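>>> coords please:
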Amino acid sequence: MASRGKEAAVIVLDVGPQMANYLPALRKSVFLLAESKLLNHSSHEVAVVLFGTTGTSNEVYNEMGPSDGEQYRHISVVQPLACPDLKCLKTINSICSERGSSDHVSALLVGVDLLKKAVAARPSAFKGNKRLLLISSFDTEVEELDPETCGDIAAQLTQAGLSLEVYGVGDGLPARSEAAAAHRTSNLASLHELLAHAAGSYKALPRGVDICAMFTLKDTASTGYKASLAIGSNCKIEVQVYKKTAKQPLPSLKLYTPPTAAGGSGLVTRETEYRDPTDRDHVLAAEEKQKGYKYGQQLVPVEDDGLLQYKPGPCMELLGFTAKDNVPRWHYSAECYVALGVTAADALALSALVRGLAKQDKVAVVRYLGTSRGSSIMLMAGTPQVAPDASLLQQDCLLLNRLPFADDLRQLQFKDFTQYKADPIKQHLYPSTEGVKAMRQLVRQLSLAPAAAPVSATQQTQTQVTQQQAQATQEGAAQPPAAGPGREQLVPEETLNPMLQRFYWFIGQRALDPQFQVGLPV
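Numbering: from 1, shown residues only. Predicted coordinates for the structure are as follows:
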């Protein structure tokens with residue numbers, strides 16, 4: 001969800017020797033995160049803290065001195081908390097694996113100290129989220145967190161209003177050694193205990209594709225609007241409608257004049273001239289032009305586009321109900337909307353409708369027209385979405401998906417293979433039993449939900465949590481996501497558009513090096 005105020009993000013990244021294989025992908029993801037802040041949220045601030053560096057550069061070590069601050073050695077603040085700029089991108093682009101030795105707990109405390117001092121110096125500057133992103137493989141030996149230290153760190157995070165996001169790189173793949181696997185299990189168990197007492201989340205990043213999808217490039221806030229869901233002539237439910245999905249287009253490029261020795265560069269303005277076909281030297285004025293529709297060999301003049309459009313007032317009217325099987329998913333088109341009740345009474349009325357639909361396995365058919373300019377009348381399928389747990393303060397809602405009109409449907413006719421069976425010339429085109437079995441097996445192997453998935457250290461630590469942590473989990477504390485067998489791969493919520501990533505990566509690199517050439521995709 002997009003932040004509503006100025007956001008502060010402190011990235012704490014492990015660059016120790018065990019991270020060498022992961023750093024190219026991690027560097028790219030962190031670079032894209034900073035670039036997205038620079039382009040889309042220029043007031044947001046980013047800091048980068050590296051641990052495992054050869055040198056040491058952080059205020060905690062400087063204040064405590066070499067004798068008392070030994071644990072904070074090999075931790076470097078390479079980017080102070082500030083709005084990202086080209087210098088910040090250059091710094092991130094130069095991150096590489098180093099030979100220092102440090103632990104994630106000390107680096108975490110350096111990040112907390114950095115953010116607390118920034119907020120204390122400018123208390124009114126940070127009205128949005130305050131995030132601390134801890135990224136490591138967690139497979140090196142670290143002094144185990146005792147309950148008192150864990151509670152101390154959780155209290156600091158809560159007091160600073162920090163949300164801790166932990167990313168376990170390589171979690172789910174075989175570790176480098178048995179010792180590394182044991183260290184990872186122990187370290188993640190301590191971090192899960194910490195997350196049980198502080199706001200935060202954990203995400204395993206077993207593969208390169210998961211690392212590339214760590215951060216979204218652009219957070220877009222959904223601004224809903226109120227509508228009245230009419231059920232018959234005497235019943236209306238006030239709902240708030242939000243756009244749940246919308247295609248994110250590639251940013252458009254602008255024409256400009258490159259700088260020359262004479263100086264000066266800027267955007268190019270474009271003008272269009274229309275000339276009389278009988279007199280090419282005569283440029284038509286605005287009042288001499290008129291729109292028309294080509295009707296056969298002639299043009300029908302249309303002085304106003306609005307005359308061709310049916311523009312009723314905004315509406316949201318329930319037309320009826322149909323069985324869920326009558327509305328297959330491939331009939332859904334365009335964006336998806338979600339409708340929530342405005343007041344408690346509206347939410348209760350909408351909940352009754354939603355639960356009734358869910359009980360009878362039906363969907364609502366809705367006539368819908370939004371308030372945005374250029375919108376047209378739509379037929380929507382209202383799919384019931386029942387809240388999984390009422391204690392989580394979630395509402396029942398309707399998911400609205402656009403349905404096609406008869407004019408939008410395309411009927412495709414395909415010939416079957418039976419025509420080849422009796423033809424001696426084309427009989428070889430008829431599929432054999434072995435061919436059908438082989439194709440069926442191929443389709444099954446293309447499934448995104450494999451029958452078995454690698455067990456991550458996150459799952460192993462579940463058997464090691466204490467009774468106190470389990471009780472905190474029941475009260476709504478953070479808990480690692482399940483990633484057991486059958487977990488779907490490439491789920492939309494976790495898969496970024498590779499075209500957008502490639503575009504922003506190229507623009508960022510070209511900003512640093514005007515001669516940069518992007519390579520072919522691999």
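
>>> center of the chain, which residue is that?
T216 (4.3 Å; Cα atoms, centre = their mean).

>>> shouldn't it be in contact with L496?
Yes: with contact defined as Cβ atoms under 8 Å, T216 reaches L496; the gap is 6.7 Å. In short, each C-beta sits where N, CA and C put it, glycine included.

>>> Can you tell me which helix or strand of the chain has the lowest average pLDDT?
helix 467-474 (a mean of 41; mean pLDDT, DSSP states H and E).

>>> which element follows it toward the C-terminus?
helix 498-512 (DSSP states H and E).

>>> who touches that next one?
Applying Cβ atoms under 8 Å, 6 or more residues apart in numbering, the contact partners of helix 498-512 are 28, 31-32, 35-36, 39, 86, 89-90, 93, 212, 217-218, 248, 250-251, 516, 518, 521.

>>> try it again with 6 Å
32, 35, 90, 217, 250, 516, 518 (Cβ atoms under 6 Å, 6 or more residues apart in numbering).

>>> Same question for stretch 312-326.
Applying Cβ under 6 Å, 6+ apart, the contact partners of stretch 312-326 are 227, 229-231, 361-369, 371.

>>> just the helices in the stretch 201-350 of the chain please.
Counting by DSSP state H, counting those that start in this stretch, residue ranges of the helices within the stretch 201-350 of the chain are 208-212, 344-360.

>>> what ranges of the stretch 401-522 of the chain fall below the confidence cut-off?
Along the stretch 401-522 of the chain, the model assigns pLDDT under 70 to residues 450-487, 520-522.

>>> swap the cut-off to 50 and go again
453-454, 462-485 (pLDDT under 50).

>>> do the chain as well
Looking at the chain by pLDDT under 50, you get 1-3, 453-454, 462-485.

>>> Please write out the alpha-carbon positions of stretch 137-156 in CSV.
These are the backbone C-alpha positions of stretch 137-156, laid out as CSV (Å, rounded to 0.1, in the frame of the first residue of the first chain):
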residue,chain,number,x,y,z
SER,A,137,21.4,-15.0,4.4
PHE,A,138,21.6,-15.4,8.2
ASP,A,139,23.9,-18.4,7.9
THR,A,140,26.8,-17.2,10.0
GLU,A,141,27.4,-17.7,13.7
VAL,A,142,25.9,-15.0,15.8
GLU,A,143,25.6,-14.8,19.6
GLU,A,144,22.0,-16.0,20.4
LEU,A,145,19.5,-13.4,21.4
ASP,A,146,18.4,-13.9,25.0
PRO,A,147,14.8,-12.9,25.9
GLU,A,148,15.9,-9.7,27.7
THR,A,149,17.9,-8.4,24.7
CYS,A,150,15.1,-9.4,22.3
GLY,A,151,12.6,-7.5,24.4
ASP,A,152,15.0,-4.5,24.5
ILE,A,153,15.3,-4.4,20.7
ALA,A,154,11.6,-4.8,20.3
ALA,A,155,10.9,-1.9,22.7
GLN,A,156,13.3,0.3,20.7
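
>>> Any buried residues in that stretch, and which?
By neighbour count on 16 or more other Cβ atoms under 10 Å, the buried set for stretch 137-156 is 137-140, 142, 145, 150, 153-154, 156.

>>> Need the max-distance pair from the contacts of stretch 312-326.
D361 and T371 (32.0 Å; Cβ to Cβ).

>>> Could I have the buried ones of the contacts of stretch 312-326 as ChimeraX selection syntax?
Selection of buried members from those for ChimeraX, criterion 16+ other Cβ under 10 Å:
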select :227,229,230,362,363,364,365,366,368,369
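
>>> Looking at the contacts of stretch 312-326, which are in strands?
Counting by DSSP state E, the part of these found in strands is 227, 229-231, 362-369.

>>> which residues sit against the one helix or strand V119 maps to?
Element membership for V119 (DSSP H and E) is helix 104-121. Under the contact criterion Cβ under 6 Å, 6+ apart, helix 104-121 has outside partners 10, 12, 47, 49, 51, 58, 60, 71-72, 75, 81, 126, 132, 134, 136, 156, 160.

>>> which of the residues in that helix are buried?
Neighbour counts over helix 104-121 (16+ other Cβ under 10 Å) mark 104-116, 118-119 as buried.

>>> Please enumerate residues in contact with the first helix or strand past that helix going along the chain?
Per DSSP H and E, the first helix or strand lying C-terminal to helix 104-121 is strand 130-136. Applying Cβ under 6 Å, 6+ apart, the external contacts of strand 130-136 come out as 8-14, 104, 108, 111, 161-167.

>>> after strand 130-136 comes which helix or strand?
Using DSSP H and E, the helix or strand that directly follows strand 130-136 along the chain is helix 147-159.

>>> And that following helix, what does it pack against?
Counting contacts by 3 or more Cβ pairs under 6 Å, 6 or more residues apart in numbering; DSSP states H and E, helix 147-159 packs against helix 178-195.

>>> now the helix it packs on against helix 147-159, angle please.
Put simply, helix 178-195 runs at 50 degrees to helix 147-159, going by axes from the mean of the first three to the mean of the last three Cα atoms, to 10 degrees.

>>> and the angle for helix 178-195 with strand 130-136?
170 degrees.

>>> the longest strand in the protein is where?
strand 235-245.

>>> chain center to that one, what's the gap?
Centroid separation between strand 235-245 and its chain, computed with Cα atoms, centre = their mean, to the nearest Å, is 23 Å.

>>> now swap in stretch 208-219 and tell me
The answer for stretch 208-219 is 7 Å, by Cα atoms, centre = their mean.

>>> Okay, now it: how far is its last residue from its first?
End-to-end span of stretch 208-219 (Cα to Cα, to the nearest Å): 22 Å.

>>> got the contact list for it?
2, 25-26, 29, 33, 36, 40, 205, 494-496, 500, 504.

>>> What's the PyMOL syntax to select whichever of the residues you listed are buried?
Filtering those down to the buried ones (16+ other Cβ under 10 Å) takes a single PyMOL command:
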select buried, resi 25+26+29+33+36+205+496+500+504
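
>>> Check the contacts of stretch 208-219 and tell me the two furthest apart.
A2 and A25 (25.0 Å).

>>> Just give the number of residues close to L409.
8 (other Cβ atoms under 10 Å).

>>> From K426, how far off is the residue nearest to R275 when sequence neighbours are not counted?
Excluding its sequence neighbours, the residue lying closest to R275 (Cβ to Cβ, 6 or more residues apart in numbering) is V283, at 5.8 Å. Remark: distance between V283 and K426 (Cβ to Cβ, to the nearest Å) = 62 Å.

>>> Check Q360 too.
As for Q360, its distance to K426 is 50 Å (criterion: Cβ to Cβ).

>>> Then G168?
From G168 over to K426 the distance is 57 Å, taken as Cβ to Cβ.

>>> Neighbour count for those two, which is higher?
Comparing G168 with K426 by other Cβ under 10 Å, the one with more neighbours is G168, at 25 against 12.

>>> for that one, helix, strand, or coil?
Under the three-state scheme (DSSP: H, G, I helix; E, B strand; the rest coil), G168 adopts strand.

>>> Give me the spatial nearest neighbour of it, chain neighbours excluded.
A204 (4.8 Å).

>>> Next: D346.
E238 is the one closest to D346 (Cβ to Cβ, 6+ apart), at 4.8 Å.

>>> so the residue nearest to G168 sits right up against V169, yeah?
No: using Cβ atoms under 6 Å, A204 is not in contact with V169, being 8.6 Å away.

>>> Of those two, which one has the most company?
Neighbour count, other Cβ under 10 Å: between A204 and V169, V169 has more, with 27 against 23.

>>> From the chain's centroid, how far away is the helix holding V119?
Chain-centre distance of helix 104-121: 26 Å, with Cα atoms, centre = their mean.

>>> Likewise for stretch 281-295?
With Cα atoms, centre = their mean as the basis, stretch 281-295 stands 46 Å off its chain's centre.

>>> related to what we said a few turns ago, could you dump the contacts of stretch 312-326 to CSV with distance to M64?
Formatted as CSV, the contacts of stretch 312-326 follow (distance: Cβ to Cβ, whole Å):
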residue, distance to M64
A227, 59
L229, 62
A230, 67
I231, 67
D361, 64
K362, 66
V363, 63
A364, 64
V365, 68
V366, 64
R367, 68
Y368, 62
L369, 64
T371, 59
